[in-house]
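A.B. asks: A structural model of the following input is requested.
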Amino acid sequence: MERKIQKISNSYLATLPKEWIKTYKLGKGDKIYYTLLSDGMLLVSGQKKTKKTFQKELNYSEDTFERAFFRLYLLGYDFIKIRIKNSNQARKIHEYLEKFINVEIIEEDARYLNINNYDIDTLTPKKCFRRIFFLTGNMHEKLKEIYSTKDNAEKEMLKRHLKETDKRLSGFYFILVRDVRKHFSNRTFLNEEEPLVRYMDFRMAAEKLERIADLIIYVSQVKEKLNDDESKMLDKIFALNKDAVFAFLKNDFLATEELNKKANKMIEELSDARSVFRYNLLEILNYIKDILNLVGGAL
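C.D. replies: All right, here's what the predicted structure looks like:
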């Protein structure tokens, strides 16, 4: 495919292929970006004009939350801030949001959760990665519930929910892999302005989280309950996983030194692992270290 260069006044112009415009749903007013590579090639990407952002707040109520949130979701609010009173309310919100493929929690503390409701056609590798991380955290919470309940029927129900969450997580992983491959094969940039190597880092880090999710499924089957030390170790490991992912997303190389020290200390505590449960915790820690090793790889 070729285009002739035209000269109009002091400017040089070339038309864009109609098929490319249609594929990326571009039109009048949208932006075009280009990058000149060292080999002389020019990479071109398009981005639709940014729409106006809408925000809304609501207070959590067990009786009305799902209906109120779904209404705001359908109305297309970009950001929905939910005010909460305790961690139990936060947990219920996490579980409910698993149903949505295009929402993510972008901020959370003891008082509120800030949720981004984004257009499905803007689902990028970075957003897929964040969603995978969000679901991995939910799987950790479900695993703790499995170990804490004494009701066998409830335990089996939680295990089924755990597997369903893992399937959703795998779905996002495959979307991420597809988009990274598409990105490289078409030699075009996605809407996120990230270095090329960063997309490969997202793919590799997501794979580690996907393997951690598989291990969560496995350990849910091998132990009926945890003693206090095991429960504390499990929480410490997933707190470390959260910190490692945040360091990765920020590409914060300085933060990794302390996090690696914590990981090595936990690995040392589990180095004499003689049970299947402890051995799998050791494997999870090794995957967390793999994520930390990707931090600082693309500046």
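A.B. asks: what's the closest non-adjacent residue to Leu287?
C.D. replies: Actually, residue 287 is Tyr rather than Leu. Lys208 (4.3 Å; C-beta to C-beta, 6 or more residues apart in numbering). The C-beta positions use only the backbone N, C-alpha and C, and glycine is treated the same way.
A.B. asks: pretty sure the one you found contacts Leu292?
C.D. replies: No: counting by C-beta atoms under 8 Å, Lys208 sits too far from Leu292 to count as a contact (9.9 Å).
A.B. asks: quick check: the residue nearest to Ile106 when sequence neighbours are not counted vs His183, distance?
C.D. replies: Of all residues not flanking Ile106 in the chain, Asn116 sits nearest, at 5.0 Å (C-beta to C-beta, 6+ apart). Here Asn116 is placed at a distance of 22 Å from His183 (C-beta to C-beta, to the nearest Å).
A.B. asks: which of these two has more residues huddled nearby?
C.D. replies: His183 (20 against 16; other C-beta atoms under 10 Å).
A.B. asks: quick check: the more buried one touching Tyr199?
C.D. replies: Yes: counting by C-beta under 8 Å, His183 touches Tyr199, with 5.9 Å between them.
A.B. asks: neighbours of Lys92, how many?
C.D. replies: With other C-beta under 10 Å as criterion, Lys92 counts 15.
A.B. asks: go on, Ile175?
C.D. replies: Ile175, neighbours per other C-beta under 10 Å, totals 18.
A.B. asks: doesn't it lie inside a strand?
C.D. replies: No: Ile175 is assigned helix when assessed by DSSP: H, G, I helix; E, B strand; the rest coil, not a strand.
A.B. asks: now it, nearest residue through space, not along the chain?
C.D. replies: Cys128 (5.3 Å).
A.B. asks: same thing with Glu66?
C.D. replies: Closest residue in space to Glu66, ignoring its immediate chain neighbours: Tyr96 at 6.1 Å, by C-beta to C-beta, 6+ apart.
A.B. asks: now do the contacts for the one you found.
C.D. replies: Contact partners of Tyr96, counting by C-beta atoms under 8 Å, 6 or more residues apart in numbering, are Phe65, Glu66, Phe69.
A.B. asks: assumed it was part of a helix.
C.D. replies: Yes: the assignment for Tyr96 is a helix, going by three-state DSSP.
A.B. asks: for it, give me the pLDDT.
C.D. replies: pLDDT for Tyr96: 89.
A.B. asks: ok, now Asp290?
C.D. replies: 97.
A.B. asks: that older thread, pretty sure Phe100 is one of the things the residue nearest to Ile106 touches, is it not?
C.D. replies: No: assessed by C-beta under 8 Å, Asn116 is found out of contact with Phe100, at 10.8 Å.
A.B. asks: domain ranges for this structure, per the record?
C.D. replies: 6-47, 55-117, 124-293 (automatic domain parsing).
A.B. asks: could you pull out the strands in the protein for me?
C.D. replies: 6-8, 11-13, 31-36, 42-47, 55-59, 79-83, 103-108, 112-117 (DSSP state E).
A.B. asks: Asn280 is nearest to which of those?
C.D. replies: Among the strands of the chain, the nearest to Asn280 by C-beta to C-beta is strand 103-108 (26.8 Å).
A.B. asks: CA-only coordinates of that closest one in PDB, if you can.
C.D. replies: What follows is strand 103-108, C-alpha atoms only, in PDB (Å, rounded to 0.1, in the frame of the first residue of the first chain):
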ATOM      1  CA  VAL A 103     -14.600  -1.700  35.400                       C
ATOM      2  CA  GLU A 104     -11.600  -1.400  37.700                       C
ATOM      3  CA  ILE A 105     -10.800  -0.100  41.100                       C
ATOM      4  CA  ILE A 106      -8.200   2.600  40.700                       C
ATOM      5  CA  GLU A 107      -8.100   3.900  44.300                       C
ATOM      6  CA  GLU A 108      -9.100   2.300  47.600                       C
END
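A.B. asks: pLDDT of that strand, averaged?
C.D. replies: 86.
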